[in-house]
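K.L.:
what follows is a predicted structure for the sequence shown.
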Amino acid sequence: MVSVFGAMLGTPADTDQLLGDLVALVGADPDSAVREHRPWRERGGAYNRVPAGGTAFVHRDARFLLKHAVVIDPEPPGAEREATRECHHRHTGALAGHPEGNPTSGGDDGQPEGGVMRLTKFGHSCLLVEEGGASVLLDPGMLSGGFEELEGLTAVLFTHQHVDHLDQERLHGILDRNPGARVISDEGSAEALGKAGADVEVVHDGDQLQIGGLGVRVVGRDHAVIHPDIPVVPNVGFLVGGRLFHPGDAFTLPGQPIEVLAVPAGAPWLKISESIDYLREVRPGVAVPVHEKVLSTIGVSLHYRQLEELGTGGGTTLHVLDDGKPVEL
């Protein structure tokens, strides 16, 4: 257990005492609790909540204090979700606008359009953006869920071909329920989408679209490098309504100030330090973490905490969306 715990967090000198506290306070088997990452109701305690006063661990590689990484917190099971939300963000209410003001006009040139934008996350990198008469679904992939019953979609957008962003099987159902929806993607996704029965519009960096009156600008060309031995596939980002930027699997810069950034939180192609630097450079009004399903429960908490503590200077707020629950801009 110590080796697993240490590999993830860096092992402090008082690990044995901490394990003793875990057994005493929670009554759980610390070995299985940490190794298997069981949810609250299965293991009897929570180690992913991060309130003030949580235990601090020294990360030996990065050589900095990883504050509040884990806390032994025997709350009732009903508090698990709220505890996780408290860990992940302090923001309450609707998403905030860009710190420089609330733009009120614009179009497919990428400039902010104003009005109410509703944003819903369906896990991992799948987002539903609704504004005016447009309803745009981005990256419904295999690690996402809850989007299958959506109707009234104006368009479905795909940043790239990887299965965690493009679920070929479930696309059939989306198209059956939304026969008028446009399907828009990078060139690398077109073949798979065509096999799923979609009439695909292929887009490239610099393209500008009008989707149900909502301006969309295409930004970016390539997927981030996973390893030199793995071929790089095409990847495009979408700037929706001049306000929300979804980069797909890359750290592409949107090229203008934006209100909301879908910031990748975990992937084989990134280090959390890169996500932090990306967030610092883009400086959105609000950062919405995505691409988290490849992380463990502890990993999500750690990465979100580091994004918040190290990446949100200059007026940015980190807002963790609950899957399936819309918020408004």
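P.N.:
Structure received.

K.L.:
quick one: low-confidence ranges for this structure?
P.N.:
1-114 (pLDDT under 70).

K.L.:
please redo it, this time with the cut-off set to 50
P.N.:
Applying pLDDT under 50 to the chain flags residues 1-94, 96-106.

K.L.:
got the domain ranges for it?
P.N.:
The record, using automatic domain parsing to delimit domains, assigns the chain the ranges 2-88, 117-328.

K.L.:
of those domains, flag the one that's most buried.
P.N.:
Of all these, domain 117-328 carries the top mean neighbour count, a mean of 20, counting by mean count of other CB atoms under 10 Å. No exception for glycine: its C-beta is placed from N, CA and C like everyone else's.

K.L.:
can you dump the C-alpha coordinates of the helix or strand hosting Asp277 into PDB?
P.N.:
Element membership for Asp277, per DSSP states H and E: helix 272-282. The C-alpha coordinates for helix 272-282 follow below in PDB (Å, rounded to 0.1, in the frame of the first residue of the first chain):
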ATOM      1  CA  ILE A 272      -0.200  18.900 -15.500                       C
ATOM      2  CA  SER A 273       2.500  21.600 -15.600                       C
ATOM      3  CA  GLU A 274       1.700  22.100 -19.300                       C
ATOM      4  CA  SER A 275      -2.000  22.500 -18.600                       C
ATOM      5  CA  ILE A 276      -1.200  25.100 -15.900                       C
ATOM      6  CA  ASP A 277       1.000  27.000 -18.300                       C
ATOM      7  CA  TYR A 278      -1.700  26.800 -21.000                       C
ATOM      8  CA  LEU A 279      -4.200  28.200 -18.600                       C
ATOM      9  CA  ARG A 280      -1.900  31.000 -17.600                       C
ATOM     10  CA  GLU A 281      -1.200  32.000 -21.200                       C
ATOM     11  CA  VAL A 282      -4.900  31.900 -22.400                       C
END
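
K.L.:
residues making contact with the helix or strand just after that helix?
P.N.:
Following helix 272-282 in sequence order, the next helix or strand is strand 286-290 (DSSP H and E). With contact meaning CB atoms under 8 Å, 6 or more residues apart in numbering, strand 286-290 is reached by 88, 91, 95-96, 119, 121, 124-125, 127, 246, 259-265, 279, 303-304, 307, 311-312, 316-321.

K.L.:
hmm, back to that, helices or strands up against the helix holding Asp277?
P.N.:
strand 260-264, helix 297-311 (3 or more CB pairs under 8 Å, 6 or more residues apart in numbering; DSSP states H and E).

K.L.:
can you redo those as JSON lines with distance to Lys271?
P.N.:
Conversion of these to JSON lines gives the following (distance: least, CB to CB, whole Å):
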{"stretch": "strand 260-264", "distance to Lys271": "11"}
{"stretch": "helix 297-311", "distance to Lys271": "10"}
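
K.L.:
how close does Glu169 sit to Val163?
P.N.:
10 Å (CB to CB, to the nearest Å).

K.L.:
got it, and Glu130?
P.N.:
Glu130 is 26 Å from Val163, by CB to CB.

K.L.:
what do you get for Pro268?
P.N.:
Pro268 is 13 Å from Val163, by CB to CB.

K.L.:
again with Gly152
P.N.:
26 Å.

K.L.:
for Val263, what are its contacts?
P.N.:
Contact analysis of Val263 by CB under 8 Å, 6+ apart lists Ser275, Tyr278, Leu279, Ala287, Val288, Pro289, Val290, Leu307, Gly311.

K.L.:
repeat the analysis, applying 6 Å as the threshold.
P.N.:
Contacts of Val263 were listed using CB atoms under 6 Å, 6 or more residues apart in numbering, and they are Ser275, Leu279, Ala287, Pro289.

K.L.:
how about the nearest residue to Tyr276, chain neighbours excluded?
P.N.:
For the record, residue 276 is Ile, not Tyr. Nearest non-adjacent residue to Ile276, counting by CB to CB, 6 or more residues apart in numbering: Gly311, 4.2 Å away.

K.L.:
typed the wrong thing, it's Leu329
P.N.:
Using CB to CB, 6+ apart, the nearest residue to Leu329 is Met117, at 4.0 Å.

K.L.:
so the one you found sits right up against Gly132, yeah?
P.N.:
No. Between Met117 and Gly132 there is no contact under CB atoms under 6 Å: 8.9 Å.

K.L.:
now for those two: what residues contact both?
P.N.:
Joint contacts of Met117 and Gly132 (CB under 6 Å, 6+ apart) do not exist.

K.L.:
which parts of the stretch 51-200 of the chain are strands?
P.N.:
55-59, 64-70, 117-121, 127-131, 134-138, 155-158, 182-185, 200-202 (DSSP state E, counting those that start in this stretch).

K.L.:
check which strands are paired with the fifth one and give the direction for each one.
P.N.:
Spelled out, that is strand 134-138. Strand 134-138 has its sheet partners listed here by DSSP bridges as strand 127-131 (antiparallel), strand 155-158 (parallel).

K.L.:
need those in a markdown table (columns: distance to Val232).
P.N.:
Formatted as a markdown table, the strands paired with strand 134-138 follow (distance: least, CB to CB, whole Å):
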| stretch | distance to Val232 |
| --- | --- |
| strand 127-131 | 24 |
| strand 155-158 | 17 |
